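**Student:** only geometry, no sequence info:
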């Protein structure tokens, strides 16, 4: 993974000092609330419903065991013993004291971490496939390009005060696990015929109030042009994006207003003038960064699938773990393992300090001291020897991280919702819990197969409800919490193309949601052909049969 | 009194005292020896570079359009005169202004002059190139 050199370290250290001074001036009354708001947001600090919330950047979801132990320390020392894995691969702390945030940032800086640009109208933390570098279906490792973008976008002189937040995701695998179709800029890395990295650039995707699938505006961009092309996009957006209405300020609205062709023309006109500038990437810089992501030295191991067959036969729970949590690795004898945080009764994505320390220990013991955070709000251990999987499963189960539900119904993506977030219209965590309780039976879940349920507590869509196969959105109706259900969304993580869900009809009260989901699932089970997935079945039969059944009682 | 900071020092000049006039583009075209006052959504024009001073008015400090406009006037149109930020200028954002090519800015009353004077000295290095220092870090040093 990327290790800081003296320049990187100096920058985060100076950022801590800078922010410490800003906090001091705010507490001394020298900065107004509104002034400090803008400054703290660029350092990841929100003021939430109950307390401040600090969002720590985990660049493209990659952490070392040492860094994870520091996050455990922060949870223990400055917070209430837990943290929250966000849908953008970051870690959030819900109870820090505003006065102590500079100390937290200093602790983070001591392990090459920060909270820079994790909120505010600026370029946010770049996200990627959580299996980058190890996935069996990888075309090219996205991480070096994410790191180049991270450095380029950090305190950019021109693009830190945008009309609205700006999210970039990079995918380098055949399946898109980074949801690039629903980002302000989505980047698909490929190789050209000569094997060189090239990039397809999608722009104007996004969720929120106006969900949109991004448009391809440049295919096969060479690596040396990656940053100048992004610069051209950002300049067009910074100058022409709307600032009069925050709900119309994302780049997707500009792309839609201009049309994708006109947006491309404007971007290309700008790019032509800066393409050969000093901002063009040098081969040396690309190589320098790529060298940080050279694969670790793997032991020569035979594929252990047949050896594990015996253990799977003896222990059905381990068999499920192998089926749903262990993912194919590009090196024989290894697997990548998802450690699910989706345990009934615990808010999706919440992890305790003790769990963080344990995951760090397992990363050291079974892998190469590296951990990933997925946008599905789970931990991933990228390099585990297959032979160690039974032992890891035993330990993970004992620690509450062995749920065998990745890809299944109870692996719900869920924002913190009305329990924590001041933007939320409705609670989301209790809805997730009620669904997990109702459909707890593994055999039923397994029979349903691949199913993404995503829950957001408001239009901002942090729970990515638009791209859930079943999406649930909390809405406020005259002060009461209601839930709108949509069907057929997809983030693009399996071979199927990304799509946005369609609203099934009038919203449901909290008491009705789970029954409605049950009816939707019954409809699917009745209508599916053989082992057709929920998504494929939906795409074949459309929304009408679901609508009919869900609202049948109303007649 | 608002405070003019130019090239890293507190000062005054004819425009900050109001002795010299600042004109919007249409009026300025009739009298090009005056200072030129631009709004952040103005399209830059090659004619502007003849102005002795261009002031860009920030309606809110968090409005980044002025940064792009300033950067374009310098790097694309070759403006070499005094480029000034006026309006809702914030001292904590001085380093962005300076890096985008602003040579001066006027701080409204009540904003911290000492903080603004620190300017770009808060950080020893930046990753990207900028108008002020076009070479990105990786072209300047061996990393």
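**Tutor:** Cool, got the structure. Worth saying up front: this structure is predicted, and the values here are computed from it rather than measured.

**Student:** Pull out the buried positions in stretch A:423-437.
**Tutor:** The neighbour-count criterion (16 or more other CB atoms under 10 Å in any protein chain shown) identifies A:423-436 as the buried residues of stretch A:423-437. In short, each C-beta sits where N, CA and C put it, glycine included.

**Student:** now those residues in JSON lines, with distance to chain B, pLDDT and secondary structure?
**Tutor:** As requested, these are arranged in JSON lines below (distance: CB to the nearest CB, whole Å; pLDDT from 0 to 100; DSSP: H, G, I helix; E, B strand; the rest coil):
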{"residue": "A:423", "distance to chain B": "19", "pLDDT": "86", "secondary structure": "coil"}
{"residue": "A:424", "distance to chain B": "24", "pLDDT": "90", "secondary structure": "coil"}
{"residue": "A:425", "distance to chain B": "26", "pLDDT": "91", "secondary structure": "coil"}
{"residue": "A:426", "distance to chain B": "30", "pLDDT": "93", "secondary structure": "coil"}
{"residue": "A:427", "distance to chain B": "31", "pLDDT": "94", "secondary structure": "coil"}
{"residue": "A:428", "distance to chain B": "30", "pLDDT": "95", "secondary structure": "coil"}
{"residue": "A:429", "distance to chain B": "32", "pLDDT": "94", "secondary structure": "helix"}
{"residue": "A:430", "distance to chain B": "36", "pLDDT": "94", "secondary structure": "helix"}
{"residue": "A:431", "distance to chain B": "35", "pLDDT": "95", "secondary structure": "helix"}
{"residue": "A:432", "distance to chain B": "35", "pLDDT": "95", "secondary structure": "helix"}
{"residue": "A:433", "distance to chain B": "38", "pLDDT": "95", "secondary structure": "helix"}
{"residue": "A:434", "distance to chain B": "40", "pLDDT": "95", "secondary structure": "helix"}
{"residue": "A:435", "distance to chain B": "40", "pLDDT": "96", "secondary structure": "helix"}
{"residue": "A:436", "distance to chain B": "41", "pLDDT": "95", "secondary structure": "helix"}
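
**Student:** what's the spacing between the residue nearest in space to the middle of chain B and residue B:29?
**Tutor:** Nearest to the geometric centre of chain B sits residue B:102, at 2.8 Å (CA atoms, centre = their mean). Look at residue B:102 and residue B:29: by CB to CB, to the nearest Å, they are 23 Å apart.

**Student:** And residue A:23, by the same measure?
**Tutor:** 47 Å.

**Student:** and the two? which has more neighbours close in?
**Tutor:** More crowded of residue A:23 and residue B:29, by other CB atoms under 10 Å in any protein chain shown: residue A:23, with 22 against 13.

**Student:** Grab the nearest non-local neighbour of the more buried one.
**Tutor:** Residue nearest to residue A:23 in three dimensions, not counting chain neighbours: residue A:102, with 5.4 Å by CB to CB, 6 or more residues apart in numbering or on different chains.

**Student:** now do residue B:37
**Tutor:** Leaving aside its chain neighbours, residue B:37 sits nearest to residue B:22 (4.3 Å; criterion: CB to CB, 6+ apart).

**Student:** go on, residue A:390?
**Tutor:** Spatial nearest neighbour of residue A:390, chain neighbours left out: residue A:311 (5.0 Å); criterion: CB to CB, 6+ apart.

**Student:** how many neighbours does that neighbour have?
**Tutor:** By other CB under 10 Å, the residues close to residue A:311 number 16.

**Student:** which ones are touching residue A:295?
**Tutor:** Going by CB atoms under 8 Å, 6 or more residues apart in numbering or on different chains, residue A:295 touches A:133, A:331.

**Student:** ok, the residue of the stretch 151-300 of chain A at minimum distance from chain B - contacts?
**Tutor:** Using CB to the nearest CB, the closest approach of the stretch 151-300 of chain A to chain B is made by residue A:161 at 3.0 Å. Counting by CB under 8 Å, 6+ apart, residue A:161 touches A:121-122, A:238, B:62-64, B:67, B:93, B:96.

**Student:** Among those, which lie within helices?
**Tutor:** A:238, B:67, B:96 (DSSP state H).

**Student:** would you turn these into CSV with neighbour count?
**Tutor:** Shown next, in CSV, are these (neighbours: other CB atoms under 10 Å in any protein chain shown):
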residue, neighbour count
A:238, 25
B:67, 29
B:96, 25
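
**Student:** for those residues, which one is nearest residue A:473?
**Tutor:** Closest approach to residue A:473 among those (CB to CB): residue A:238, at 30.2 Å.

**Student:** want to try JSON lines for the buried residues of stretch A:423-437, with distance to residue B:127 as columns?
**Tutor:** As requested, those are exported to JSON lines (distance: CB to CB, whole Å):
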{"residue": "A:423", "distance to residue B:127": "31"}
{"residue": "A:424", "distance to residue B:127": "35"}
{"residue": "A:425", "distance to residue B:127": "39"}
{"residue": "A:426", "distance to residue B:127": "41"}
{"residue": "A:427", "distance to residue B:127": "41"}
{"residue": "A:428", "distance to residue B:127": "37"}
{"residue": "A:429", "distance to residue B:127": "38"}
{"residue": "A:430", "distance to residue B:127": "43"}
{"residue": "A:431", "distance to residue B:127": "42"}
{"residue": "A:432", "distance to residue B:127": "39"}
{"residue": "A:433", "distance to residue B:127": "43"}
{"residue": "A:434", "distance to residue B:127": "46"}
{"residue": "A:435", "distance to residue B:127": "44"}
{"residue": "A:436", "distance to residue B:127": "43"}
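
**Student:** now, which of these sits nearest residue A:329?
**Tutor:** The shortest approach to residue A:329 among the buried residues of stretch A:423-437 belongs to residue A:436, at 29.0 Å (CB to CB).
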